[in-house]
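Engineer: quick one: sequence and predicted model below, then my questions.
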Amino acid sequence: MASSFIAALGALRAHQSWIDVIGNNLANTNTPGFKSSRALFADLLSLTYKPGTGPTGNIGGTNPFQVGLGTRLASVDRLMGQGALDTTGRTFDLAFLGRGFFAVSDGNQTLYSRVGAFGLDSDGNMIDLRSGFRVLDANGSVFQIDTRAVLPPKATTQMGFTGNLPAQVTGPLAEELTSTSSFLEGTAAQMTGTAAEPFTVPAGETWTLELIVNGGAPQTVSIAGTGAALSVQDVVDEINNQVEDVVASAGAGGTIELTSERSGLASTIEVDAGTSGKDLKSLLGLGDYVQGGQSLATASTDLNDLTINLSDYSAGDEVEVSGTDADGSAVVASFSYGIDGTTLGDLVAYLDANFTGSTVNLDPASGRILMTADAPGEASLSLALTDGPNQAGKNDWAQGYFAVTTNGTGPDTVTTSAEVFDSSGTAHVLTFDYVRQSDGSWNLDVSVPPAEGTVVSGSITGIRFNPDGSILTPTTAPITVQFGALGPQTITLDLGVSGQFAGLTQFGNPSSVVVDDQDGFGAGDLANLEVLSDGSIEGFYTNGQTQTLGSFGVATFVNEQGLEEVGNSYFRSSANTGARVFGAADANGAGEVVGGALETSNVDTAQEFVRLIQAQRGFQANARVITVQDDLLAEVVNVI
């Protein structure tokens, strides 16, 4: 009967231990980084009264006959599940997401913890604020952070450009002067008639016809009759005496020919009949209307064959030239017909020779005279042609007066500037001028204020782009500048990647070139700190630079549950933790570090209270066993 006492007593001890485990879990509900434990029971040896037997013959087998001797606490396991993160906002409050432990040392031993409540002591050592133990870095060594050190300056050696150089060309352009009308080579309007000779106009009668020449006012031709015989030549003489702008001539067999003194489509002859029965038009057999023809003049076209010709030039007649050359200098000259030439090409060559700062030619496609300044930029071109005074030969030069059709402009220029640093950390401003060339390429000129330094070599020529707007060549080029008494400083300019749209481009958009990157900086003081996910400590300086100042080490073990608690939320390795891997976070199976947070306890309070009830009921049940057994023993004693 004593076995039940022993079993119940062992169960009371086991449940008491379980309550101890639960109590410890609940006590550490708010302990950062705490990992809860669980209790596992196992039964004790059983007393075997009869072993099991196998079937034999007609008799079946029997099971073992055993009575257990109670339970015991077999193990207390640590639950390493992730705790929630409590954001604190403090730089050196660190938590893990995943596996791993921070490592600290007092110089004699290395301990491990999930609680990253760290800070700096007066010597700049990274320590655990709870104990003063020094924190180990990724190499397993104690590390310091110098928060007072100045980050030294770095001279600029690289600069990168991005943005657009406009594809639309607005310069450089040479000024161009063009005749407003095309020069045309024309044929005169001609009309032919035939009269029977001789003929008479009766005495006392006047025979007439009306001519409209070149669209002008009607002109009447009248022949008063004398009764005498007349010939076509007599009528031709009267027409030439009475009518302007037309020339009449007589031919064999009574033919008469009327020719306009103008040529081209503006040259017309219209003949209207006179009085019925007294009509010279019918007498001469003339038609109603004729018009001249025209085509674009060529260099070989005689000046007298131009449609603007009013009366033919004779040898020695002059075309007076007046104007200004590209540089504004006055040009005054006289083209002498028959001496300097007779054709339109001769006149163009004469103009070209006298306007030394420009080029004059005849455009065969349009029939216009073009004068183009030899150099791009603003110019003062002008040209006027007139006929010399007191001469019979005349052209209507005013019909083809000259006007500027393209204003001369300087080259397209895109300017940007950027700050660079010399070896002492002093900032300077470089100015970059992109200048479009007449062949469509760009040149880059670099300048610096004279008071700050000089540009030893700072010109890049022949920057070209592909048809799709991507840069062709060059993509990189060095420049050399010198600031004050410092030595020459070489800076490599990165303009882009050939054939790609990284760096400079040439699209139809407006200019937008900027320097988007340069690797120099001045001296800087530490402004802020941040812990990254790999455990490294990043320092942010007032010069915009960052620098890694240290790194927290992370330890992982094959069997984390084999760690031994030593108090103060510390663990130490045991014979069953297995190999330790030490290094940076977020690598080799280690979790990532979260700055500005602490990991909370992973105790599930509701679950612990349920287990507490279970432990209490188990304890009560076993206590009841002892009470019942005691009553039974009392009955046995009372038998006597």
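Structural biologist: Received it, and whenever you're ready, just let me know what you need. Keep in mind that what you see is a predicted model, and the values were worked out from it rather than measured. Residues are numbered from 1 along each chain as shown.

Engineer: kindly list the longest helix within this protein.
Structural biologist: helix 605-639 (DSSP state H).

Engineer: what does the average pLDDT come to for it?
Structural biologist: Per-region confidence: helix 605-639 scores 89 on mean pLDDT.

Engineer: stretch 117-132 too?
Structural biologist: pLDDT averaged over stretch 117-132 gives 95.

Engineer: what are the contacting residues of that stretch?
Structural biologist: With CB atoms under 8 Å, 6 or more residues apart in numbering as the test, stretch 117-132 has contacts from 32, 92-94, 102, 104, 106, 113, 115, 133-135, 137, 142-147, 550, 552, 568-570, 598. For the C-beta atoms, the positions are set from N, CA and C on the backbone; glycine is no exception.

Engineer: can you do 10 Å?
Structural biologist: With CB atoms under 10 Å, 6 or more residues apart in numbering as the test, stretch 117-132 has contacts from 32-33, 88, 90-94, 102, 104-106, 111, 113, 115-116, 133-137, 142-149, 529, 531, 537, 549-552, 568-570, 598.

Engineer: out of these, which are buried?
Structural biologist: By neighbour count, with 16 or more other CB atoms under 10 Å, these hold 32-33, 88, 92-94, 102, 104-105, 111, 113, 115-116, 133-137, 143, 145, 529, 531, 537, 549-552, 569-570, 598 as buried.

Engineer: which ones among those map onto strands?
Structural biologist: Counting by DSSP state E, the buried ones among the contacts of stretch 117-132 place 93-94, 102, 104-105, 111, 113, 116, 134-135, 529, 531, 537, 549-551, 570, 598 in strands.

Engineer: surely residue 157 touches residue 481?
Structural biologist: No: counting by CB atoms under 10 Å, residue 157 does not reach residue 481; the two are 11.5 Å apart.

Engineer: okay, those two: which has more neighbours?
Structural biologist: residue 481 (24 against 15; other CB atoms under 10 Å).

Engineer: what sits against the more buried one?
Structural biologist: Per CB under 10 Å, 6+ apart, neighbours of residue 481: 156, 420, 422, 428, 430, 446-448, 452-458, 488-491.

Engineer: beta-bridge partners for it, please?
Structural biologist: Beta-bridge partners for residue 481, by DSSP bridges, are residue 455, residue 489.

Engineer: give me the pLDDT for it.
Structural biologist: 97.

Engineer: outline the domain layout of this protein.
Structural biologist: What the record gives for the chain is the domain set 2-75+606-639, 85-148+527-599, 158-170+411-518, 176-183+297-406, 189-291, from automatic domain parsing.

Engineer: low-scoring stretches of the chain, by residue?
Structural biologist: Along the chain, the parts satisfying pLDDT under 70 run over 1-2.

Engineer: helices of that one, residue ranges please.
Structural biologist: 2-27, 232-242, 280-284, 344-354, 605-639.

Engineer: deepest in the core, which of these is it.
Structural biologist: Greatest average neighbour count among the helices of the chain goes to helix 280-284 (a mean of 22), per mean count of other CB atoms under 10 Å.

Engineer: CA atoms only for that helix, dumped as PDB, please.
Structural biologist: Below are the C-alpha coordinates for helix 280-284, written out as PDB (Å, rounded to 0.1, in the frame of the first residue of the first chain):
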ATOM      1  CA  LEU A 280      -8.200  97.200-139.300                       C
ATOM      2  CA  LYS A 281      -8.200  94.000-137.200                       C
ATOM      3  CA  SER A 282     -10.100  92.100-139.900                       C
ATOM      4  CA  LEU A 283      -8.200  93.800-142.600                       C
ATOM      5  CA  LEU A 284      -4.900  92.700-141.100                       C
END
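
Engineer: quick check: the gap between the residue most central in space within the chain and residue 111.
Structural biologist: Centroid-nearest residue in the chain, with CA atoms, centre = their mean: residue 163, separated by 5.1 Å. Residue 163 is 57 Å from residue 111, where distance means CB to CB, to the nearest Å.

Engineer: residue 327 contacts residue 356, correct?
Structural biologist: Yes: assessed by CB under 10 Å, residue 327 is found in contact with residue 356 at 9.2 Å.

Engineer: tell me the residues that contact both of these two, please.
Structural biologist: Common neighbours of residue 327 and residue 356 (criterion: CB under 10 Å, 6+ apart): residue 374.

Engineer: show me what contacts the residue lying closest to residue 288 once chain neighbours are set aside?
Structural biologist: Nearest non-adjacent residue to residue 288, counting by CB to CB, 6 or more residues apart in numbering: residue 271, 6.1 Å away. Contacts for residue 271 (CB under 10 Å, 6+ apart) come out as 191, 193, 209-213, 221, 258, 280-281, 284, 286-290.

Engineer: just the ones of those residues in strands?
Structural biologist: Counting by DSSP E, these contribute 191, 193, 209-213, 221, 258, 289-290 to strands.

Engineer: got a markdown table for those residues, with neighbour count and distance to residue 235 too?
Structural biologist: Listed next are the ones in strands among the contacts of residue 271 as a markdown table, based on neighbours: other CB atoms under 10 Å; distance: CB to CB, whole Å:
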| residue | neighbour count | distance to residue 235 |
| --- | --- | --- |
| 191 | 22 | 14 |
| 193 | 20 | 10 |
| 209 | 25 | 10 |
| 210 | 16 | 14 |
| 211 | 24 | 12 |
| 212 | 17 | 18 |
| 213 | 22 | 17 |
| 221 | 22 | 8 |
| 258 | 25 | 11 |
| 289 | 12 | 20 |
| 290 | 19 | 18 |
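
Engineer: turn the residues you listed into TSV, including distance to residue 501.
Structural biologist: TSV is the format used below for the ones in strands among the contacts of residue 271 (distance: CB to CB, whole Å):
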residue	distance to residue 501
191	70
193	77
209	79
210	76
211	73
212	69
213	68
221	79
258	72
289	66
290	66
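
Engineer: out of the residues you listed, who's nearest residue 266?
Structural biologist: Relative to residue 266, the closest of the ones in strands among the contacts of residue 271 is residue 213; by CB to CB it sits at 10.7 Å.

Engineer: is it true that the closest one touches residue 242?
Structural biologist: No: between residue 213 and residue 242 there is no contact under CB under 10 Å: 11.9 Å.

Engineer: any shared contact partners between the two?
Structural biologist: In contact with both residue 213 and residue 242: residue 219, using CB under 10 Å, 6+ apart.

Engineer: residue 4 versus residue 67, what's the distance?
Structural biologist: 10 Å.

Engineer: ok, how many other residues are close to residue 246?
Structural biologist: So residue 246, with other CB under 10 Å, has 24 neighbours.

Engineer: which residue sits closest to residue 223, ignoring its sequence neighbours?
Structural biologist: residue 207 (5.1 Å).

Engineer: for that neighbour, which residues are in contact?
Structural biologist: Contacts of residue 207 (CB under 10 Å, 6+ apart): 199, 201, 221-225, 230, 235, 274-275, 277-284.

Engineer: separation between it and residue 199?
Structural biologist: Counting by CB to CB - residue 207 and residue 199 are separated by 10 Å.

Engineer: spit out the residues that contact those two alike.
Structural biologist: With CB under 10 Å, 6+ apart as the test, residue 207 and residue 199 both reach 230, 235, 283-284.

Engineer: ok, so of those, who is nearest residue 17?
Structural biologist: Using CB to CB, the shared contacts of residue 207 and residue 199 come closest to residue 17 at residue 284, 148.9 Å.

Engineer: pretty sure the closest one is touching residue 211, no?
Structural biologist: No: shown here, residue 284 and residue 211 do not form a contact pair, counting by CB under 10 Å, at 11.5 Å.

Engineer: overlap of the contact sets of those two?
Structural biologist: 191, 221, 239, 248, 258, 271.

Engineer: farthest-separated two in the residues you listed?
Structural biologist: Taking CB to CB, no two of the shared contacts of residue 284 and residue 211 sit farther apart than 191 and 221, at 13.2 Å.

Engineer: now do the shared contacts for these two.
Structural biologist: Shared contacts of residue 191 and residue 221 (CB under 10 Å, 6+ apart): 211, 248, 271, 284.
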